[in-house]
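Peer 1: Quick one: sequence plus predicted model below, questions after.
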Amino acid sequence: MVKMEHVLKKARGNMRYLLTGKQAQELDHHAIDVIGFPGLVLMEKAAMTLAKILMERENTHHKFLFVCGIGNNGGDGLAAARLLHQQGYSVAVTMIGEADKLSADAQKQLTLAAACEVPFVSSSSISEPEYDILVDGLFGVGLKRNISGVYEKIVHIMNESKKKIYAIDMPSGIHGETGEVMNFAIQADVTVTFGTNKQGLVLYPGCQYAGEVIVGDIGYFKSSYESIKNPAYFYELEDLKHILPKRNSDGHKGNFGRVVVIGGSTGMCGAALLAARAAYESGAGIVKVISETSNRDILQIGIPEALFDSYGDEGKEIDFSVLEQAIGYGDVFVVGPGLGITELSKKIVDFMLEHCQKPMILDGDGLTICDKELLVKAQQVIITPHPKEFSAISGKEITELRKFMYKEVPAFARKIKSIVVGKDARSIVSDGKEVYVNISGNSGMGTGGSGDVLSGIIAAFVAQGLTLFDAAKTGVYVHGLAGDWYTEAYNEYSLSASGLINGLKYVLKKGKA
């Protein structure tokens, strides 16, 4: 979980910025070039924040070695080393790179550090046992090229030292936008970043190199933050009470919405059952399941609270009157879980896309078989594809989608004019304008039925009055928290879709605390 010492919340809601490397540089440029805040002052404030964190978290007898590059990230390290040295800490600096290529501010910090008699040592000292803690100041958020040469060697030495490593702003070697490892990267224990969190620290695999992330305030101006166009954002646990649907104390089942789940082919009703259970557990007033006739007994035993109807029998004609009645009855629809990939199921999905003007979550088989032209024309739709499904409906390669999900999701949302939930280790939600990056969840959620539970949660939140976009974001976050609760109570190996549903009661209780 990200530790936030300071975050800026955007005025339009409870959200926390995630800047790319480019946006972080734009933030600096605005503060310096537009506001007139001297770059050296920003560097000093960053150094003061870093030094304060190091003094608070580490013992006075520890010896620090700052490994500094020739850019402003190295300048931050030089300044922090000087401040610690002046406070009586045992500190040394090793400089990596060509001295004649030092940035102007880093050169100034080098001069100040030397004037204050900060010890400088060779890079061979990285492996020496006298230094307990390494501080990575090689590269910051702006890295665009692969690490090679002397830098590659230094990264290896630092990682192999087994010493505790603090990274300044971004572990060196992690791309600030994609989280990609640029050939090699520092494996940090703690990353201290400034102003706001960074996209590369949250996306995989970058988050696996960042360790604990601490966001420090260095005094950026509000107007500088506001100059950044459409930054991504995320939620944290303290936001939960603000983003959940509000429930009136005098409400009844009709006030909390009617969810209709259309899914479950012959012998495949488990997905529809999970979606319906999740919808009830997330606060829906009434849930109705429309499935193949033979699933009636299993569904009514599995979730006796739910209403049931049948669209007909597999291999026979569809009873479209049942779907028409459902459209008039329901407030929000989950279409596709376990529906199967047949001509019959395709007719059902296409009928709903063509005739239903109410909110709809299209999931699972429904995504695979839907008429793509009808999807583009449909109104009030949320789609929830995992990478394979996303590839099928977008025509993009899975590897490219996973690497650039934060770009591909909003692009596809704009194309189909709907809400897209790109499911992955870091799920991305977009309405084509804003981009939400989900940081809850864990590897245990890679289990059958997890996506069906998510669809039920989102549907319940729509039924209770959230907009489609807010319901999708909140649903994804709550879904991940339910997985996190289970793994904290038990383990990641044993997590099932039913375990996720059980976790909802504990997560939603936190939202009302």
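Peer 2: Structure received. What you are looking at is a predicted structure, and each value in this text was computed from that prediction instead of being measured.
Peer 1: When you work out contacts or count neighbours from here on, use the C-alpha atoms and nothing else.
Peer 2: OK.
Peer 1: got a pLDDT number for residue 13?
Peer 2: The score at residue 13 is 36. That number is its pLDDT.
Peer 1: ok, now residue 6?
Peer 2: pLDDT, residue 6: 33.
Peer 1: Ok, residue 315 next?
Peer 2: 69.
Peer 1: wouldn't residue 505 be in contact with residue 281 here?
Peer 2: Yes. Residue 505 is within contact range of residue 281, at 7.0 Å (criterion: C-alpha atoms under 8 Å).
Peer 1: now residue 147: how far from residue 312?
Peer 2: Separation of residue 147 from residue 312 (C-alpha to C-alpha, to the nearest Å) stands at 61 Å.
Peer 1: again with residue 36
Peer 2: 70 Å.
Peer 1: Looking at those two, which one has more neighbours?
Peer 2: residue 312 (18 against 10; other C-alpha atoms under 10 Å).
Peer 1: What does the pLDDT read for that one?
Peer 2: 85.
Peer 1: Look up the residues forming beta bridges with it.
Peer 2: Taking DSSP bridges as the rule, residue 312 bridges to residue 292.
Peer 1: How about the contacts made by it?
Peer 2: Residues near residue 312 by C-alpha atoms under 8 Å, 6 or more residues apart in numbering: 291, 292, 293, 318, 319.
Peer 1: cool, residue 286 as well?
Peer 2: Residue 286 neighbours (C-alpha under 8 Å, 6+ apart): 253, 254, 256, 257, 258, 259, 280, 306, 307.
Peer 1: And whichever helix in the chain runs longest, how far out from the chain middle?
Peer 2: The longest helix of the chain (DSSP state H) is helix 468-489. Helix 468-489 has its C-alpha centroid displaced from the chain centroid by 11 Å (C-alpha atoms, centre = their mean, to the nearest Å).
Peer 1: same for it, what does it pack against?
Peer 2: When contacts are defined as 3 or more C-alpha pairs under 8 Å, 6 or more residues apart in numbering; DSSP states H and E, helix 468-489 packs onto strand 381-383, strand 419-422, strand 428-430, helix 450-463, helix 497-511.
Peer 1: again, 10 Å this time
Peer 2: Packing partners of helix 468-489 (3 or more C-alpha pairs under 10 Å, 6 or more residues apart in numbering; DSSP states H and E): helix 240-243, strand 360-362, strand 381-383, strand 419-422, strand 428-430, strand 435-437, helix 450-463, helix 497-511.
Peer 1: Show me what the third one is packed against.
Peer 2: Under the contact criterion of 3+ C-alpha pairs under 10 Å, 6+ apart, the helices and strands touching strand 381-383 comprise strand 332-335, strand 360-362, helix 405-416, strand 419-422, strand 428-430, helix 450-463, helix 468-489.
Peer 1: What mean pLDDT does that strand get?
Peer 2: For strand 381-383, the per-residue pLDDT averages 97.
Peer 1: Ok, the first one next?
Peer 2: What helix 240-243 shows for mean pLDDT is 94.
Peer 1: The very next helix or strand once past it pairs with which strands?
Peer 2: Tracing the chain C-terminally past helix 240-243 and defining elements by DSSP states H and E, one meets strand 258-262 next. Here strand 258-262 is paired, per DSSP bridges, with strand 286-292 (parallel), strand 332-335 (parallel).
Peer 1: follow-up on the earlier one: in the longest helix of the chain, what counts as buried?
Peer 2: Residues of helix 468-489 classed as buried: 468-487 (neighbour count, 16 or more other C-alpha atoms under 10 Å).
Peer 1: what angle sits between that helix and helix 497-511?
Peer 2: 110 degrees (axes from the mean of the first three to the mean of the last three C-alpha atoms, to 10 degrees).
Peer 1: ok and helix 468-489 relative to helix 450-463, angle-wise?
Peer 2: 130 degrees.
Peer 1: Now do the helices in the stretch 101-250 of the chain.
Peer 2: 104-115, 149-160, 199-202, 206-210, 222-226, 240-243 (DSSP state H, counting those that start in this stretch).
Peer 1: Show me what the fourth one is in contact with.
Peer 2: With contact meaning C-alpha atoms under 10 Å, 6 or more residues apart in numbering, helix 206-210 is reached by 165-167, 169-181, 185-192, 199-202, 213, 439.
Peer 1: again, only this time at 6 Å
Peer 2: Contact with helix 206-210 is made by 174, 179, 187, 188, 191, 200, 201, as judged by C-alpha atoms under 6 Å, 6 or more residues apart in numbering.
Peer 1: Also the first one?
Peer 2: Contacts with helix 104-115, where a contact means C-alpha under 6 Å, 6+ apart, come from 72, 75, 78, 79, 82.
Peer 1: gap between residue 459 and residue 362?
Peer 2: Residue 459 is 10 Å from residue 362, where distance means C-alpha to C-alpha.
Peer 1: In terms of neighbours, single out the busier of these two.
Peer 2: The residue with more neighbours, out of residue 459 and residue 362, is residue 459; 37 against 27, by other C-alpha under 10 Å.
Peer 1: Would you point out the helix or strand in this structure whose mean pLDDT is lowest?
Peer 2: Ranked by mean pLDDT, DSSP states H and E, the weakest helix or strand in the chain is strand 3-4, scoring a mean of 36.
Peer 1: With only the CA atoms kept, save the helix or strand that it is followed by in CSV.
Peer 2: Per DSSP H and E, the first helix or strand lying C-terminal to strand 3-4 is strand 16-19. Output in CSV follows, covering the C-alpha atoms of strand 16-19 (Å, rounded to 0.1, in the frame of the first residue of the first chain):
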residue,chain,number,x,y,z
ARG,A,16,-5.1,11.3,-6.2
TYR,A,17,-2.8,12.2,-9.0
LEU,A,18,-0.6,9.8,-10.8
LEU,A,19,1.9,11.7,-13.0
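Peer 1: Quick one: list the elements packing against strand 16-19.
Peer 2: strand 197-198, strand 232-234 (3 or more C-alpha pairs under 6 Å, 6 or more residues apart in numbering; DSSP states H and E).
Peer 1: ok, and what's touching whatever helix or strand comes next after that strand?
Peer 2: Proceeding N to C from strand 16-19, the next assigned helix or strand is helix 21-29, under DSSP H and E. For helix 21-29, contacts defined as C-alpha under 6 Å, 6+ apart pick out 141, 142, 176, 177, 224.
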